[in-house]
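>>> model this:
(chains A and B)
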Amino acid sequence: MRKGMPSQPASESLDAETLFRRHAQFVASFVARLGFRGQDVDDIVQDVFLVAHRRGGYAPGPARPTTWLAEIAVRTAMSHRRTSKRTSLLPEAETAERMAATDARPDARAQSREALGLAWKALDHLDLERRSVFILYELEGESCDAIAAAMGIPTGTVYSRLHNARKEFLQAYQRLAADRRSLEGRSS
Amino acid sequence: MSHDPPRLFDDPAVADEVREALHQMADQSPQPYDAAAGLARFQAAIGSGGSSGGGGGTGSPGAPGLGLGKTLALGAGGLGLAGAIVVAVLGLRTNDPPASVTLPAPVEVAAPASSAAPTSSSTDVPVITPESLPTAERSARVAPSSAIKSKDELYREELEHLARLKSVAGSSPAEAVRMADEGHARFTRGMLYQEREAIAIRSLSRAGQSGAARSRAERFLARFPKSPYAEQIRMAAGMSKP
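All right, here's what the predicted structure looks like:
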């Protein structure tokens, strides 16, 4: 079993503009991985850093700047989802296609595209709380301690959410893959 | 002391295609983001630079924080409006009767070096020569603005480079390492060195060059022990925590 790294907070205070310059890409990517697209991403990113600005920027503490911003992003995303007219958060098919399009081998590209598309759809089956923990741990490489510090929850709760998120993600992936195979079997 | 489980993409019990998909999801953002444009909009919203109001406040109503941005933008706009009113009032006082509106008061005030004699008569046309204009002061005002623009342009270029690097990293680790090194050399005073280097180390590891990955990881961790990418880099290089 891998041991996670303890939370490593930054030692310096960072104003909101510095945070934006350093971490806007991280926040945008995180928000997009939460399932938002287009103008929604732009708006949520703005709101996240405005909240950071209103809070006086990042101050050294138990959370690192990225996880601190991620926590704000989750709250902002939840609020945005409540007020947004959009209900579907499924990633567009072309997103997966674009992301897999850089592979030079056509057969590998097709497989990669399919797997990536299914993975995004599987991720979309998770609610925002579990999805955010899954993204921070599995995709951003944060430790459970760092996530717990940022979210203000016990590390045990992070473990629990991560466990459930993984279970739901893998089950959804297998179900989607089975559906895909079934569909291909019928059409051939 | 935490006991985090292995990441799914390191877990041999998970299907290879899922692990590969997770690698790609980690390496690439599902949507490109124009951080330079976002920064300009943010600066406008908080009033730290750029034009006020132009880029801010297009979000959905009710989103947290956006009200602040709108308030600040409106506040900046209000200040501008108040300033315009003050200037107009001063102009009217200086140029009484109103027919003198064709001679804007700021022109008279802003020409201290002019040899034209001061006059209170609105019918006298002040002589303004290029030499009378405060050129030194104007150029001093322009300089910081162009310096900021240059910095922002560099930032935008560095962001674009990083976006290309991320898109390449998913499929061609060797090319990603080359691009990361090229980025380090190009943006010596940039802000995204750590992210580029993290991608380079992950790419070296994925390309099977574990020795090189570990060597670079050790240098990185010695230099940035508290980096947000430290954990990712340790994972990629197969290093345990200190």
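>>> where along chain B do the helices fall?
With DSSP state H applied, chain B shows helices at B:16-27, B:35-46, B:66-94, B:105-109, B:135-169, B:173-186, B:193-206, B:210-223, B:230-237, listed in chain order.
>>> for chain A, same thing?
Read by DSSP H, chain A holds these helices, from start to end of the chain: A:16-33, A:39-54, A:65-83, A:93-100, A:106-123, A:128-134, A:144-151, A:155-187.
>>> Among those, show the one with the smallest mean pLDDT.
Across the helices of chain A, helix A:93-100 has the smallest mean pLDDT, namely a mean of 49.
>>> mind listing what's buried in stretch B:24-42?
Using 16 or more other C-beta atoms under 10 Å in any protein chain shown as the burial criterion, the residues of stretch B:24-42 that qualify are B:24-36, B:38-42. Bear in mind the C-beta positions are built from the backbone N, C-alpha and C, glycine included.
>>> typo on my end, stretch A:149-156
Under the neighbour-count criterion of 16+ other C-beta under 10 Å, stretch A:149-156 has A:149, A:150, A:151, A:153, A:155 buried.
>>> Please report phi then psi for the spatially closest residue to the first one that is not a sequence neighbour.
Read it as residue A:149. Leaving out its chain neighbours, the residue that sits closest to residue A:149 by C-beta to C-beta, 6 or more residues apart in numbering or on different chains is residue A:62, at 3.7 Å. Dihedral angles phi and psi of residue A:62 (degrees, to the nearest 10) take the values phi -70, psi -30.
>>> who touches stretch A:175-183?
Outside stretch A:175-183, the residues that touch it by C-beta atoms under 8 Å, 6 or more residues apart in numbering or on different chains are A:114, A:118, A:121, A:122.
>>> Tell me which two in these are the farthest apart.
Maximum pairwise distance in the contacts of stretch A:175-183, criterion C-beta to C-beta, is 12.4 Å, between A:114 and A:122.
>>> Neighbour count: those two, which is higher?
When residue A:114 and residue A:122 are compared for neighbours, residue A:122 comes out ahead with 21 against 18, by other C-beta atoms under 10 Å in any protein chain shown.
>>> which ones are touching the more buried one?
Listed by C-beta under 8 Å, 6+ apart, the contact set of residue A:122 reads A:169, A:170, A:172, A:173, A:176.
>>> With residue A:164 instead?
With C-beta under 8 Å, 6+ apart as the criterion, the residues that contact residue A:164 are residue A:130.
>>> Counting neighbours, what do you get for the residue nearest to residue A:159 when sequence neighbours are not counted?
Using C-beta to C-beta, 6+ apart and skipping residues adjacent in sequence, the residue nearest residue A:159 is residue A:144, 6.1 Å away. Burial measure for residue A:144: 24 neighbouring residues, criterion other C-beta under 10 Å.
>>> Could you do the one 3 residues further on as well?
Using other C-beta under 10 Å, the number of residues around residue A:147 comes to 30.
>>> How about stretch B:25-38 and chain A, any contact?
Yes - remark: stretch B:25-38 sits within contact range of chain A at B:25, B:26, B:28, B:29, B:30, B:31, B:33, B:35, B:38, by C-beta under 8 Å from any C-beta of the partner chain.
>>> Look up how far residue A:78 lies from the residue nearest to residue A:149.
In this structure, residue A:62 and residue A:78 are 22 Å apart, going by C-beta to C-beta, to the nearest Å.
>>> With residue A:137 instead?
When C-beta to C-beta is applied, the distance between residue A:137 and residue A:78 equals 19 Å.
>>> Which of those two has more residues huddled nearby?
Here residue A:137 and residue A:78 are set side by side on neighbour count (other C-beta under 10 Å), and the busier one is residue A:137, at 25 against 16.
>>> Retrieve the pLDDT associated with the more buried one.
In this prediction, residue A:137 carries a pLDDT score of 93.
>>> Could you double-check that it lies in contact with residue A:145?
No - counting by C-beta atoms under 8 Å, residue A:137 sits too far from residue A:145 to count as a contact (10.9 Å).
>>> Alright, calling it a day.
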